[in-house]
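Asks: Next come a sequence and a model predicted from it.
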Protein chains: 2
Amino acid sequence: MAFDDPTYREAVVDLLGAIAYGEISAFERLAEDAKLAPTLQDKVALATMASAEFHKVAPLHARIAELGADPFAAMAPFRLPIDQFHLHTAPADWLEGLIKAFVGDGLANDFFREIAAYLDPDTRDLVVSSTDDGGHSAFVVERVRRAISVDPPLAGRLALWARRLMGEALTQAQRVAAERDALSALLAGGVDRPGLDLAAIGRMFTRLTDRHAERMSELGLDS
Amino acid sequence: MAFDDPTYREAVVDLLGAIAYGEISAFERLAEDAKLAPTLQDKVALATMASAEFHKVAPLHARIAELGADPFAAMAPFRLPIDQFHLHTAPADWLEGLIKAFVGDGLANDFFREIAAYLDPDTRDLVVSSTDDGGHSAFVVERVRRAISVDPPLAGRLALWARRLMGEALTQAQRVAAERDALSALLAGGVDRPGLDLAAIGRMFTRLTDRHAERMSELGLDS
């Protein structure tokens, strides 16, 4: 059993805590950004995304408790890096908020799905289900493309903004990797679990940046 | 069929539009008030309430569309009175926010359940299900009682606050009743539907204020 390894258990609690706090702060940020919505339809669309993110918190908390840990203690180490990320990437307007929702959550979800490959089946299913955006973000693509078609120079500013989001996300991810040994060890593997060597980590980053570039071109932006 | 009466259909569209916009703005307000939460646990509890309110919007919109109306057009007449209500009752602190969530939503839900008695069975079920708070507000009672036990003079200020909420709610409800003929006619009944005479309306108000007083005493406050 994977959970007989206390380091593995600790890593899973960390991972679920990070995802859960990420969902809570995504909820907060989307609810906040919904205020910038130009129409009630847009506001409802963003509030729908906010609510969908929050809905994922309860099963993550339940699983952390099943593993014998306290959900709020499990989230605690991730509050600072996630809050810092949001503090450093406060959208200046509605479109920046939309792009942050799409690009930032997309990146986080891709990363969690990569990690999911190294997890036991139950945890994997839970992690994968919490990366499902329920198709809500399709409206982001439509809104951003429409705005750019009306005002093409906008594309330059928004592309820079997305690059800043990516940079800030990597900064905070690195900080987490440096501080959470069990979580980092998860990627390195264990006695009876395969892990990633440096070359494999490199390939993972390539996949993540490729998918980021795909999302950017969906939006009609250079990456 | 109740819906053969165009005034009835119009009244139902109005009612569902009012409830839907009420849920959207409850979501917004609870998400906003969650920022005032003293702990992450409290924040999660309020965000859970926010998310639960928002979850009720989609079925209401679906039903409005089934009745051949546009959900956003149906909500439009209620934006001003509901926004005004929130504008005039912005909580000064975390406890005022909690009381507003509990007392305000409680009152609105009681009112909608009273109206539900005059509806066709399908609409009635939908309205009743959107008045269910899922037990989330139990935590409000606990938090408010605990705060008052630590600082008893608080009870006076909070009781005044709740009275202001009640007054503002009645003001806006009156405004809606004056402007939405079909909705008001719903309460008065139709050819083959029973309605309320003045005495019955009086009894309804007595029931609403009785239940408000019960909620206040649950909180440990005078009404």
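Replies: Received the coordinates, thanks.

Asks: tell me, how many neighbours does A:Ser149 end up with?
Replies: 11 (other Cβ atoms under 10 Å in any protein chain shown). The way it works is simple: take the backbone N, C-alpha and C, and place the C-beta from them, glycine included.

Asks: name the element it belongs to?
Replies: helix A:138-150 (DSSP states H and E).

Asks: can you list contacts of that helix?
Replies: The contact list for helix A:138-150, computed with Cβ atoms under 8 Å, 6 or more residues apart in numbering or on different chains, reads A:42, A:45, A:95, A:98-99, A:101-102, A:154-155, A:158, A:218-221.

Asks: which bits of chain A sit near chain B?
Replies: Within chain A, the positions lying close to chain B (Cβ under 8 Å from any Cβ of the partner chain) are A:24, A:27-28, A:31-32, A:34-35, A:40-41, A:43-44, A:47-48, A:50-51, A:54-55, A:57-58, A:72, A:75, A:79.

Asks: change it to 7 Å
Replies: Proximity of chain A to chain B (Cβ under 7 Å from any Cβ of the partner chain) is limited to residues A:Ile24, A:Phe27, A:Ala31, A:Leu40, A:Gln41, A:Val44, A:Ala47, A:Ser51, A:Phe54, A:His55, A:Val57, A:Phe72.

Asks: which one among these gets closest to B:Gly106?
Replies: B:Gly106 has its nearest neighbour among these in A:Ser51, at 21.6 Å by Cβ to Cβ.

Asks: Flag every buried residue along whichever strand or helix holds the closest one.
Replies: Assigned by DSSP H and E, A:Ser51 falls within helix A:40-55. Neighbour-count burial for helix A:40-55 flags A:42-55 (criterion: 16 or more other Cβ atoms under 10 Å in any protein chain shown).

Asks: mind putting these in CSV, pLDDT included?
Replies: Formatted as CSV, the buried residues of helix A:40-55 follow (pLDDT from 0 to 100):
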residue, pLDDT
A:Asp42, 93
A:Lys43, 94
A:Val44, 94
A:Ala45, 92
A:Leu46, 92
A:Ala47, 93
A:Thr48, 92
A:Met49, 91
A:Ala50, 92
A:Ser51, 92
A:Ala52, 90
A:Glu53, 91
A:Phe54, 94
A:His55, 92
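
Asks: For the residues of chain A next to chain B, work out which two are farthest apart.
Replies: The widest separation within those (Cβ to Cβ) is 35.8 Å, between A:Gln41 and A:Phe72.

Asks: Report the helix or strand with the lowest average pLDDT across chain A.
Replies: In chain A, no helix or strand scores lower on mean pLDDT, DSSP states H and E than helix A:181-188, which sits at a mean of 76.

Asks: packing partners for that one?
Replies: With contacts taken as 3 or more Cβ pairs under 7 Å, 6 or more residues apart in numbering or on different chains; DSSP states H and E, helix A:181-188 sits against helix A:6-33.

Asks: can you tell me which residues contact the nearest residue to A:Ala31 once chain neighbours are set aside?
Replies: Spatial nearest neighbour of A:Ala31, excluding adjacent residues (Cβ to Cβ, 6 or more residues apart in numbering or on different chains): B:Ala31 at 3.6 Å. If a contact means Cβ atoms under 7 Å, 6 or more residues apart in numbering or on different chains, then B:Ala31 has A:Ala31, B:Ala47, B:Ala50 as its contacts.

Asks: Mind listing what's buried along the following helix or strand past the least confident helix or strand of chain A?
Replies: Per DSSP H and E, the first helix or strand lying C-terminal to helix A:181-188 is helix A:198-218. Buried residues in helix A:198-218, counted by 16+ other Cβ under 10 Å: A:Met204, A:Leu208, A:Arg211, A:His212, A:Arg215, A:Met216, A:Glu218.

Asks: Can you report how many residues lie near the nearest residue to the first one once chain neighbours are set aside?
Replies: Across the structure, with Cβ to Cβ, 6+ apart as the measure, the residue nearest A:Met204 apart from its sequence neighbours is A:Glu114 (5.4 Å). When neighbours are counted by other Cβ under 10 Å, A:Glu114 registers 17.

Asks: What distance do you get for A:Glu114 to A:Ala90?
Replies: 27 Å (Cβ to Cβ, to the nearest Å).

Asks: isn't A:Leu107 right next to A:His212, touching?
Replies: Yes. A:Leu107 is in contact with A:His212 according to Cβ atoms under 7 Å; the separation is 5.9 Å.

Asks: So for these two, which residues contact both of them?
Replies: A:Met166.

Asks: can you dump the C-alpha coordinates of stretch A:4-22 into CSV?
Replies: Written as CSV, here are the backbone C-alpha positions of stretch A:4-22 (Å, rounded to 0.1, in the frame of the first residue of the first chain):
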residue,chain,number,x,y,z
ASP,A,4,2.3,2.6,4.3
ASP,A,5,5.0,5.0,3.3
PRO,A,6,4.7,8.1,5.7
THR,A,7,6.5,10.3,3.2
TYR,A,8,4.0,9.4,0.5
ARG,A,9,1.1,10.1,2.8
GLU,A,10,2.6,13.4,3.8
ALA,A,11,3.1,14.3,0.1
VAL,A,12,-0.5,13.5,-0.7
VAL,A,13,-1.8,15.6,2.2
ASP,A,14,0.4,18.4,1.0
LEU,A,15,-0.8,18.1,-2.6
LEU,A,16,-4.4,18.0,-1.6
GLY,A,17,-3.9,20.9,0.7
ALA,A,18,-2.3,22.9,-2.0
ILE,A,19,-5.1,22.2,-4.5
ALA,A,20,-7.8,22.9,-1.9
TYR,A,21,-6.3,26.3,-1.0
GLY,A,22,-5.8,27.0,-4.7
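
Asks: What residue in chain A comes nearest to chain B?
Replies: A:Ala31 (3.6 Å; Cβ to the nearest Cβ).

Asks: any idea which element the residue nearest in space to the middle of chain A lies in?
Replies: Nearest residue to the geometric centre of chain A (Cα atoms, centre = their mean): A:Ala108, 2.4 Å. Using DSSP H and E, A:Ala108 sits in helix A:105-116.

Asks: name the helices or strands packed onto that helix?
Replies: Against helix A:105-116 (3+ Cβ pairs under 7 Å, 6+ apart) you get helix A:6-33, helix A:121-129, helix A:198-218.
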